[in-house]
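*Asks:* no letters, just coordinates:
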């Protein structure tokens with residue numbers, strides 16, 4: 001694997017500083033990315049994520065609702081709070097009710113096949129330097145024949161290993177209306 005996941009013992013001062021850094025980026029993105037809907041991690045959620053193994057994670061997202069035949073523009077923020085550079089990262093986006101499934105294999109298979117599945121970035125993936133953030137933008141075409149209702153969009157952050165099993169890293173869900 002390209003990176004080893006390990007657990008870091010954060011000091012209270014380091015946690016406070018990282019929470020402040022992430023909140024600053026979130027506020028910048030809220031001003032910059034003008035989407036109808038926007039969610040982000042809270043300071044408490046940041047602290048919980050920092051207790052996990054040292055891996056990148058999804059920290060905010062923005063999107064719009066649309067009409068049949070329209071497009072959902074989806075903005076995804078990824079944070080690397082570690083001292084390690086991560087390579088070969090990809091985000092996969094699709095529609096389906098998988099987010100509540102705790103089993104990664106079936107979570108990824110829970111797909112509404114009327115919608116496309118999208119993966120970014122292009123080969124060789126995203127390189128995320130230590131203590132940095134990256135942003136990906138997806139355009140999800142909505143079929144003109146779908147019902148007017150709410151749909152569940154999913155995103156999955158993963159790290160590829162070109163000649164072995166890759167690593168599931170994090171996930172998020174977003175609800176968009178088709179009306």
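*Replies:* Ah, there it is. Quick caveat: nothing in here was measured; it's all calculated off a predicted structure. Numbering: from 1, shown residues only.
*Asks:* where does the protein dip in pLDDT?
*Replies:* Judged against pLDDT under 70, the low-scoring parts of the chain cover residues 1-6.
*Asks:* what are the ranges of the strands in it?
*Replies:* Per DSSP state E, the chain has strands spanning 37-40, 57-63, 71-80, 86-95, 118-120, 126-128, 132-141, 150-159, 167-177. These are given in chain order.
*Asks:* out of those, nearest to residue 108?
*Replies:* Distances from residue 108 to each of the strands of the chain were compared using C-beta to C-beta; the minimum, 6.5 Å, belongs to strand 150-159. C-beta: built from backbone N, CA, C; applies to glycine.
*Asks:* so which bits of that closest one are buried?
*Replies:* Applying a neighbour-count criterion of 16 or more other C-beta atoms under 10 Å, one finds 151, 152, 153, 154, 155, 156, 157, 158, 159 buried in strand 150-159.
*Asks:* look up how far residue 90 lies from the residue sitting nearest the centre point of the chain.
*Replies:* Taking C-alpha atoms, centre = their mean as the criterion, residue 58 is the residue nearest the geometric centre of the chain, at 4.1 Å. Here residue 58 is placed at a distance of 13 Å from residue 90 (C-beta to C-beta, to the nearest Å).
*Asks:* could you do residue 104 as well?
*Replies:* Separation of residue 104 from residue 90 (C-beta to C-beta): 15 Å.
*Asks:* the two: which is more packed in?
*Replies:* Under the criterion of other C-beta atoms under 10 Å, the comparison of residue 104 against residue 90 puts residue 90 first, with 20 against 13.
*Asks:* nearest residue to the more buried one other than its sequence neighbours?
*Replies:* Using C-beta to C-beta, 6 or more residues apart in numbering and skipping residues adjacent in sequence, the residue nearest residue 90 is residue 125, 5.1 Å away.
*Asks:* OK, contacts around the one you found?
*Replies:* Contacts were defined as C-beta atoms under 8 Å, 6 or more residues apart in numbering; by that measure residue 125 touches 87, 88, 89, 90, 159, 160.
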